[in-house]
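Colleague: Just the structure for this:
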Amino acid sequence: MADLGFTVDDTVDITDVNCPVTFVKTKVALEELDDGQILQVHLNDGEPVQNVPRSIKDEGHEVLKLSDNGDGTYELYIRKIGD
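Modeller: Residues are numbered from 1 along each chain as shown. Here you go, the predicted structure:
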């Protein structure tokens, strides 16, 4: 695994749900973290990869990286920014 330059504190897999539940599950996972911690989100191509990063930014959190796994899924890395 490549060095990301940061440490992942928690991971959530939202490949089994559809929008808007993808964002809801991501938001709930972020609420469990402390400020500055990093969440890794495993999500599908299409609506989830288009909508979840945008919604996370709208909530004030920082999208650190979005990586294409080459199999129709992505890894999204989010730093929680204070509530």
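
Colleague: Can you tell me what sits against stretch 14-23?
Modeller: Stretch 14-23 has contacts (Cβ atoms under 8 Å, 6 or more residues apart in numbering) with 25-26, 41-44, 47-48, 51-52, 55-56, 73. Using the backbone N, CA and C atoms, a C-beta is placed for each residue, glycine as well.

Colleague: What of stretch 64-79?
Modeller: The contact list for stretch 64-79 (Cβ under 8 Å, 6+ apart) reads 4, 6, 8, 15, 26, 30, 36-45, 49, 52-53, 56, 61-63.

Colleague: quick one: terminal-to-terminal distance for it?
Modeller: One end of stretch 64-79 to the other measures 7 Å (Cα to Cα, to the nearest Å).

Colleague: model confidence over it, on average?
Modeller: Average pLDDT, stretch 64-79: 97.

Colleague: Quick check: buried residues in that stretch?
Modeller: For stretch 64-79, burial by neighbour count (16 or more other Cβ atoms under 10 Å) applies to L64, T73, Y74, E75, L76, Y77, I78, R79.

Colleague: coming back round to it: out of the contacts of stretch 64-79, which end up buried?
Modeller: Neighbour counting with 16+ other Cβ under 10 Å marks 26, 30, 38-44, 49, 52-53, 56, 61 as buried within these.
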